[in-house]
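Asks: Below are the sequence and a predicted model; questions follow.
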Amino acid sequence: MVASQADLAAFNVLQPSNAQHAVTPLSELKFNPLGLYDLRRHFGVFPQKPYFFHHHTIRFLTSDIAWFAGGAGTDGNHALPARNFHRLFRDVREGIPTGAEGSAAWKTMEKQVRAVVFDLATYWDRGFGGSTVIMHVEGTTRPGASLTPDFIRAYTYLPAIVDELNDTNQAQVVEMVQSFITHVGVPTVQRFKVAAHNFGWRLNQQANPSPYPKTHSIPQPAPNSREFIFCGGLPTPSHPPPPTPTHAHHVDELNVTFSSTTLSDSSDTSTTDPPSSEQVHALLSALEAMDDELGQMREFNTDVVSEVNHLREINNGLVTEVNMLTERVEELQQRLALVRRSTNPASPSPRKPLMPSSNAVSKPKSPSKSFFSSAPALQPSQPIPSSSNATRSFPARPSSPKPVRTLDHYHNSNSRTFASQSSPRFPNIDGVLTNFGYQAFKPRVHQIIEEITPVQWVAQLRALGFPANITVELYQAMVSDSAAN
């Protein structure tokens, strides 16, 4: 199944400006940013394996480039058109915009290809015990640069055995690279300018850059790599520079934008002491390392952002599930309370009243495990206001230093008088109080249901000293009588 543009965007795959909704068929793909993008759409980004593509982005990019390059070394299509670029050059430039954006996209592809080639050379040497040397000069130079070796650099891969060579052999390696810059690099730049002129580039950039300091010894490689940057220099008299082509006058005013990965020379041309070769090489290597580190940090940041978003989704799902479980628990607790009430219905026969001994303070029973089990922890927000129908003071908790009127007091005093004060408005409340022998509390409970909000009923009942099981019965009776009224 072909991956959509949204699929690739979710995995931070850079989309070219000329990408279309419909993917290009495999047989029509060309080696350029759009071709690499559509090839990845054909191959997919493995959405069923989270983070797999992110963790192996460099390997997938390497495989995509190798997919296009496979067989190129033996296809026989090596001849260069006279005074023009190879056809593949045109394919790479196809669809790339002009200006700084296009130059950056083109240079990014070139850097990616160079990295793949150096990776393969590294594996070739490690896996088979041989030694490989790769030297590459770009066709572009800085605007206004002369067609001489001291304005050209070579990106070079050297095998690890070079580190074991003696000074004489290492000097020969340096001379080899310098000879390549002089006898291959200079003609390469000259030909590029001619081909660019015929390609339709009309650039007229005036500048006067300083030459590079010549590399006289093997420079420091880029961090953790075997990539070296050699700067060319004017040859000695024994190695004269190649003659300038007769067609050079066609491109005297032609200059191509220099690679964004190279060092722009902004130093004062009037200085008499240019920086040393070692300083320039160290600075160039540091810039390359910083560029690579910045790319790695961006990839790491993308991984972290994706992981954080994934964790947020998991957290939101867990919160939703917890809320559903909480609602389910509350529902089950309510059902349990109803079941307990149905299995212990109020009986018309009088029960033995729960009267504490006159010589000891009554201890409340342990509350049953129901949704009222936390009632003792609730505190009434305000005392029950006095009523004209009840002249007795509100009973305080046993811990109060003031005299306490407990259930004993109300139960043992004037019970017959209060028993006759049943209200037809609250038959369920009166029935519960009568069944448990607490007729004396009818006025207080009537006052609670009439003057206190339902959310405080449980706290007020417990404040009167009712045990948890009687509080449950009274609360349910209060709910029923309140609904009936």
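Replies: In hand now; what should we look at? Numbering: from 1, shown residues only.
Asks: Just checking, which helix or strand succeeds the helix or strand where A66 lies along the chain?
Replies: For A66, the host element (DSSP states H and E) is helix 57-69. With elements assigned by DSSP H and E, the helix or strand that comes after helix 57-69 is helix 87-93.
Asks: chain center to the helix or strand L461 falls within: distance?
Replies: According to DSSP H and E, L461 maps onto helix 457-463. Distance of helix 457-463 from its chain centroid, counting by CA atoms, centre = their mean, to the nearest Å, is 52 Å.
Asks: Okay, now the unreliable bits of the stretch 1-150 of the chain?
Replies: Applying pLDDT under 70 to the stretch 1-150 of the chain flags residues 1-14, 21, 50.
Asks: at 80 what do you get?
Replies: 1-22, 41, 44-55, 98-99, 102 (pLDDT under 80).
Asks: With the stretch 301-450 of the chain instead?
Replies: Across the stretch 301-450 of the chain (using pLDDT under 80), the flagged ranges come out as 302-303, 306-307, 310, 313, 342-424.
Asks: circling back: same for the helix holding A66, what does it pack against?
Replies: Packing partners of helix 57-69 (3 or more CB pairs under 8 Å, 6 or more residues apart in numbering; DSSP states H and E): helix 33-43, helix 99-128. (C-beta placed from N, C-alpha, C; glycine too.)
Asks: okay, those helices in CSV with mean neighbour count next?
Replies: Shown next, in CSV, are the helices and strands packed on helix 57-69 (neighbours: other CB atoms under 10 Å):
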stretch, mean neighbour count
helix 33-43, 20
helix 99-128, 15
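Asks: Quick one: residues in contact with the helix holding A66.
Replies: With CB atoms under 8 Å, 6 or more residues apart in numbering as the contact definition, helix 57-69 has outside contacts at 29, 31, 35-36, 39-40, 43, 53, 112-113, 116, 119, 299.
Asks: do the same with stretch 121-131
Replies: Residues contacting stretch 121-131 (CB under 8 Å, 6+ apart): T132, I134, Y157, P159, A160, I161, R226.
Asks: List only those of those residues flagged as buried.
Replies: Taking 16 or more other CB atoms under 10 Å as the criterion, what is buried in the contacts of stretch 121-131 is T132, I134, Y157, P159, R226.
Asks: so the third one touches T132, yeah?
Replies: Yes: taking contacts as CB atoms under 8 Å, Y157 lies within contact range of T132: 6.7 Å.
Asks: The lengthiest helix in the chain packs against which elements?
Replies: Longest helix in the chain, counting residues (DSSP state H): helix 277-343. On a contact count with 3+ CB pairs under 8 Å, 6+ apart, helix 277-343 meets helix 52-55, strand 227-231, helix 468-484.
Asks: Can you say which of those is packed in most?
Replies: Highest mean neighbour count among these (mean count of other CB atoms under 10 Å): strand 227-231, with a mean of 24.
Asks: Contacts for it, please.
Replies: Applying CB under 8 Å, 6+ apart, the set of residues contacting strand 227-231 is 118, 150, 152-158, 174, 177-178, 181, 212-215, 218-222, 277, 280-281, 284-285, 288.
Asks: Of the residues you listed, just the buried ones, PyMOL syntax please.
Replies: For the buried members of these, the matching PyMOL selection, counting by 16+ other CB under 10 Å, is:
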select buried, resi 118+150+152+153+154+155+156+157+158+174+177+178+181+212+213+214+215+218+219+221+222+277+280+281+284+285+288
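Asks: what's L461 in contact with, if anything?
Replies: Here L461 is in contact with A375, V445, I448, T471, L474, Y475 (criterion: CB under 8 Å, 6+ apart).
Asks: farthest pair in those residues?
Replies: The distance between the two most remote of those (CB to CB) is 15.2 Å, for A375 and V445.
Asks: between those two, which one's more packed in?
Replies: The neighbour comparison of A375 against V445 (other CB atoms under 10 Å) goes to V445, with 25 against 20.
Asks: now L287: how far from I229?
Replies: 10 Å (CB to CB, to the nearest Å).
Asks: quick one: the helices in the stretch 151-300 of the chain?
Replies: Using DSSP state H, counting those that start in this stretch, the helices found in the stretch 151-300 of the chain span residues 167-180, 186-199, 277-343.
Asks: do you know which of those helices lies nearest P47?
Replies: Once these are compared by CB to CB, helix 277-343 is nearest, at 11.9 Å.
Asks: Tell me what angle that closest one forms with helix 57-69.
Replies: 120 degrees (axes from the mean of the first three to the mean of the last three CA atoms, to 10 degrees).
Asks: Tell me, how many residues neighbour the spatially closest residue to S480 that is not a sequence neighbour?
Replies: Closest residue in space to S480, ignoring its immediate chain neighbours: N428 at 4.8 Å, by CB to CB, 6 or more residues apart in numbering. Neighbour count of N428, defined by other CB under 10 Å: 18.
Asks: Would you agree N428 is in contact with D481?
Replies: Yes: counting by CB under 8 Å, D481 is a contact partner of N428 at 5.0 Å.
Asks: quick one on the thing from earlier: which of the contacts of helix 57-69 sits closest to R191?
Replies: Looking across these and measuring by CB to CB, the closest to R191 is V113, at 19.5 Å.
Asks: ok, now which ones touch the closest residue to G102 other than its chain neighbours?
Replies: Nearest non-adjacent residue to G102, counting by CB to CB, 6+ apart: I96, 4.4 Å away. Contact partners of I96, counting by CB under 8 Å, 6+ apart, are N32, P33, G102, A105, W106.
Asks: Return the closest of those residues with respect to W201.
Replies: G102 (11.5 Å).
Asks: distance of the closest one from K111?
Replies: In terms of CB to CB, G102 sits 15 Å off from K111.
Asks: Would you point out which residue is most central in the protein?
Replies: Centroid-nearest residue in the chain: V305, 1.1 Å away (criterion: CA atoms, centre = their mean).
Asks: now it: how far from V162?
Replies: V305 is 41 Å from V162, by CB to CB.
Asks: before we move on, what about A69?
Replies: 26 Å.
Asks: Nearest spatial neighbour of P149, chain-adjacent residues omitted?
Replies: Closest to P149 by CB to CB, 6+ apart is G232, at 3.5 Å.
Asks: What is the neighbour count of that neighbour?
Replies: 25.
Asks: Use 6 as the first number for this chain going forward.
Replies: In the new numbering, first residue 6, that becomes G237.
Asks: Please verify my assumption that it contacts L152.
Replies: No: counting by CB under 8 Å, G237 sits too far from L152 to count as a contact (11.5 Å).
Asks: Report the two of the contacts of I101 separated the most.
Replies: Taking CB to CB as the measure, the contacts of I101 span a maximum distance of 11.1 Å, between N37 and G107.
Asks: hmm, back to that, export the contacts of stretch 126-136 to a markdown table and append columns for distance to V191.
Replies: Shown next, in a markdown table, are the contacts of stretch 126-136 (distance: CB to CB, whole Å):
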| residue | distance to V191 |
| --- | --- |
| T137 | 24 |
| I139 | 19 |
| Y162 | 21 |
| P164 | 26 |
| A165 | 30 |
| I166 | 29 |
| R231 | 25 |
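Asks: ok, those residues vs A87, which is closest?
Replies: Nearest to A87 among the contacts of stretch 126-136, with distances taken as CB to CB, is I139, at 27.3 Å.
Asks: beta partners of the closest one?
Replies: Taking DSSP bridges as the rule, I139 bridges to Y162.
Asks: List the residues that contact it.
Replies: V122, F123, A126, T161, Y162.
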